[in-house]
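In: Here is my input, please return the structure:
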Amino acid sequence: MVTYIVRRLVTAALILLGASFLVYLLTASSGDPLADLRALNSPNKQQLMNARTELLDLNTPAPVRYFKWLAGAAQCLVPFAGSCDLGQNISGQPVTEALGIALVQTLTLVTTATILAILIGITLGIVTALRQYSALDYGVTFMAFLFFSLPIFWVAVLLKEYGAIGFNDFLRKPEIPIPTALGVGAAAGLLVAVALGGQLKRRFITGSTVFAAVALVLVYLSATEWFKTPGLGPVVIAIAGAGIAVAVTVLVSGLRNRRALQSALIVVGLGVIAYFAVQPLLNEATALMIALLGIAAVLVGVGVGYFMGGYDRGQSMRAAGITAFLVGGLVVMDRYMQAWPTYFNNSRVRGRPIATIGAGTPNIEGDYWVLGTDTFTHLLLPTVALILVSLASYTRFTRSSMLEIMNMDYIRTARAKGLSERSVIMGHAFRNALIPIATIVAFDIGALIGGAVITESVFSVRGMGFLFLDGITRIDPNPVMGVFLCVAVTAMVFNLIADLAYSALDPRVRIKA
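Out: Numbering: from 1, shown residues only. Next up, the predicted model:
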């Protein structure tokens, strides 16, 4: 395997050299970087042109400039040397500095969207494959391809209009009329009834229950003005945690493993107790503290599963660990909600929290929770836009892969042996269905670094896509090459990881030199 990896890296390096040379020449010859200065009537026009010519080394032929750039880029291969030199952009800013700022913006925006799209898309793909040709299958397929076919800039504009402007107007007086609550409840009940399947009586009872529950919750939220002072509280965390414990146990081990279910429910109880214990600590929270608390929660959950034991101790540990992580997430979410009134009434926010441009409110001040809420409100709309347009590919790939796997002989054999449906789907079908999906996921993660050019432009996020587009527009090769280098290296690395993942997912695949 080592020989195979070395050969792939050498091949990737050669491809990278050839591609970077072409990209540099194409960018350098795509226009005149002095065009804006030539149109000036300023008396110091010539001095400005001379300064830019010297800054960008325009008197040197483009091929020679490329090799100068390559010599500086090669210094980036030396770890911890701090001598990485990718040149300067047309404004005189070092490209490495601009890349650092843009990379943070892009990863903050696109990573969350991609991870959620992968998780939601794979889940929907599995569900629709198991419910092939049902109303749920047709509905999910229609909606996925509808958003996939819509232009991203139009989706972004609609989200700005209704997700930001409309919701901000609603927050001024957050009252939900009774007819609206009934309508939303009816829609939710209908969706659940369609998704549930089975006998008509069962679907009707479940749909009616969901209709009543959703309508009553909306009426309660409106009457208590919950949207002004939101929160979950220990009661909601306990109820939601119990549901999470059951759902996680079903996926991990099945409800027949009582020790796994008991471990998960014990973790929920510990989470409710910890809710009161950690509140003073959360008032002084930092990102590192939250990460350490998350690790501690998972370790406690794994420990509970270990001591509970059972015929399969590993299942108890996994169920309790995952439940602990998710319940900890509910506690953190509640603390963010507690900071909402402070953020909402901030003089910089002015009662309109859902932002339409930028990655943060300029010059806003506050603690960890206020600043985190500000980041969330700015990333909400572009994240939703990216999820909607990228969901279809994951859903359809997963569905088609699952349908193919479910018709295999070994799946019929597993069912004939008496294995539960959960074991057949999660233990046999799902793992093999991930093999073709691994390629798509690897390429999409590799493309993360390139940013989302259109989305970043619509929402005025100065990420990697914005940096690349700005370099192309201003005929500035250095930032273009910086973005290209990051994207190309990441794509090649994740392409290699996808190949190695095949051997881990499918024992029949072996990586050989």
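In: so residue 391 sits right up against residue 144, yeah?
Out: Yes: here residue 391 reaches residue 144: they are 5.5 Å apart, a contact under Cβ atoms under 8 Å. In this view, the C-beta of every residue, glycine as well, is placed from N, C-alpha and C.
In: okay, and the common contacts of the two?
Out: residue 124 (Cβ atoms under 8 Å, 6 or more residues apart in numbering).
In: Flag the shaky bits of the stretch 251-400 of the chain, pLDDT-wise.
Out: Counting by pLDDT under 70, the stretch 251-400 of the chain has low-confidence residues at 310.
In: Same question for the chain.
Out: 1, 78-82, 197-198, 310, 446-448, 450-451, 504-513.
In: longest helix of it?
Out: Across the chain, the longest stretch assigned as helix under DSSP state H is helix 368-406.
In: Give me the buried positions along stretch 248-266.
Out: 248-249, 252-254, 257, 259-266 (16 or more other Cβ atoms under 10 Å).
In: correct me, but residue 171 touches residue 225?
Out: No: contact criterion Cβ under 8 Å: residue 171 and residue 225 do not qualify, at 10.5 Å.
In: Look at the two and report which has more neighbours.
Out: More crowded of residue 171 and residue 225, by other Cβ atoms under 10 Å: residue 171, with 15 against 12.
In: Not counting its neighbours along the chain, what's nearest that one?
Out: In this structure, residue 171 finds its nearest non-sequential neighbour in residue 227, 6.2 Å apart by Cβ to Cβ, 6 or more residues apart in numbering.
In: Look at that neighbour and say how many residues are nearby.
Out: Using other Cβ under 10 Å: residue 227 sits among 17 other residues.
In: helix/strand/coil for it?
Out: coil (DSSP: H, G, I helix; E, B strand; the rest coil).
In: what's near enough to touch it?
Out: Contacts of residue 227 by Cβ under 8 Å, 6+ apart are 170-171, 174, 221.
In: Export these as TSV, with columns for secondary structure and distance to residue 100.
Out: TSV is the format used below for the contacts of residue 227 (DSSP: H, G, I helix; E, B strand; the rest coil; distance: Cβ to Cβ, whole Å):
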residue	secondary structure	distance to residue 100
170	helix	38
171	helix	35
174	coil	40
221	helix	42
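In: As JSON lines, the residues you listed with distance to residue 470 would be great.
Out: Output for these, formatted as JSON lines (distance: Cβ to Cβ, whole Å):
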{"residue": "170", "distance to residue 470": "36"}
{"residue": "171", "distance to residue 470": "35"}
{"residue": "174", "distance to residue 470": "40"}
{"residue": "221", "distance to residue 470": "44"}
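In: out of those, who's nearest residue 376?
Out: residue 171 (15.1 Å; Cβ to Cβ).
In: Quick one: residues contacting that closest one.
Out: Residue 171 touches 227-228, 344, 351-353, counting by Cβ under 8 Å, 6+ apart.
In: how far away is it from residue 464?
Out: Distance, residue 171 to residue 464, by Cβ to Cβ, to the nearest Å: 33 Å.
In: follow-up on the earlier one: any idea which of the contacts of residue 171 has the most stuff around it?
Out: residue 353 (22 neighbours).
In: quick one: residue 100 and residue 111, what's the gap?
Out: The gap separating residue 100 from residue 111 is 16 Å, by Cβ to Cβ.
In: And the two? Which one has more around it.
Out: residue 111 (14 against 10).
In: Tell me the spacing between that one and residue 104.
Out: For residue 111 relative to residue 104 (Cβ to Cβ), the value is 11 Å.
In: Other residues contacting stretch 266-284?
Out: Contact with stretch 266-284 is made by 234, 237-238, 241-242, 244-245, 289, 293, 297, 300-301, 304, 308, 320, 323-324, 327-328, 330-332, 334-335, 367, as judged by Cβ under 8 Å, 6+ apart.
In: In ChimeraX, how would I select just the buried ones from those?
Out: In ChimeraX syntax, the buried subset of these is picked out as below (16+ other Cβ under 10 Å):
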select :237,238,241,242,244,245,293,297,300,301,304,308,320,323,324,327,328,330,331,332,334,335
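In: Cross the contacts of stretch 266-284 against strands and list the overlap.
Out: With strands taken from DSSP state E, there is no overlap with these.
In: can I get the CA coordinates of the helix or strand residue 97 falls within in PDB?
Out: Here residue 97, judged by DSSP states H and E, is contained in helix 95-106. What follows is helix 95-106 as a C-alpha-only set of coordinates in PDB (Å, rounded to 0.1, in the frame of the first residue of the first chain):
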ATOM      1  CA  VAL A  95      -1.800  36.100  -0.900                       C
ATOM      2  CA  THR A  96      -1.100  33.900   2.100                       C
ATOM      3  CA  GLU A  97      -2.700  36.400   4.400                       C
ATOM      4  CA  ALA A  98      -5.700  36.800   2.000                       C
ATOM      5  CA  LEU A  99      -6.000  33.000   1.800                       C
ATOM      6  CA  GLY A 100      -6.000  32.600   5.500                       C
ATOM      7  CA  ILE A 101      -8.900  35.100   5.900                       C
ATOM      8  CA  ALA A 102     -10.900  33.700   3.000                       C
ATOM      9  CA  LEU A 103     -10.300  30.100   4.000                       C
ATOM     10  CA  VAL A 104     -11.900  30.600   7.400                       C
ATOM     11  CA  GLN A 105     -14.900  32.300   5.800                       C
ATOM     12  CA  THR A 106     -15.400  29.500   3.300                       C
END
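In: got the buried residues for it?
Out: Using 16+ other Cβ under 10 Å as the test for burial, helix 95-106 gives 95-96, 98-99, 102-103, 105-106.
In: re the thing from before, what angle separates the very next helix or strand once past the longest helix of the chain from helix 368-406?
Out: Sequence-wise, the next helix or strand downstream of helix 368-406 (DSSP H and E) is helix 409-416. Inter-element angle recorded for helix 409-416 and helix 368-406: 100 degrees (by axes from the mean of the first three to the mean of the last three Cα atoms, to 10 degrees).
In: contact partners of stretch 468-484?
Out: Contacts for stretch 468-484 (Cβ under 8 Å, 6+ apart): 19-20, 23-24, 27-28, 30-33, 35, 56, 62, 65, 69, 73, 86-90, 95-96, 98-99, 102, 449-451, 453, 457, 464, 467.
In: Could you check how far it is from the centre of its chain?
Out: Remark: stretch 468-484 is offset 26 Å from the chain centroid, using Cα atoms, centre = their mean, to the nearest Å.
In: Between the two ends of that stretch, what distance do you get?
Out: Stretch 468-484 has an end-to-end distance of 8 Å (Cα to Cα, to the nearest Å).
In: now do stretch 454-462
Out: Stretch 454-462 has its terminal residues 11 Å apart, counting by Cα to Cα.
In: Could you list the buried residues of it?
Out: Residues of stretch 454-462 classed as buried by neighbour count (16+ other Cβ under 10 Å): 454-459, 461-462.
In: which ones among those residues are found in helices?
Out: Among the buried residues of stretch 454-462, the residues falling in helices (DSSP H) are 454-458.
In: Now the most centrally placed residue in the chain. Nearest residue, chain neighbours left out?
Out: Centroid-nearest residue in the chain, with Cα atoms, centre = their mean: residue 112, separated by 2.1 Å. Closest residue in space to residue 112, ignoring its immediate chain neighbours: residue 383 at 5.4 Å, by Cβ to Cβ, 6+ apart.
In: State the number of residues packed around that neighbour.
Out: 23.
In: What backbone torsions are found at residue 134?
Out: phi -90, psi 170 (degrees, to the nearest 10).
In: now swap in the one 4 residues further on and tell me
Out: Phi and psi for residue 138, reported as degrees, to the nearest 10, are phi -60, psi -40.
In: No further queries at this time; thank you.
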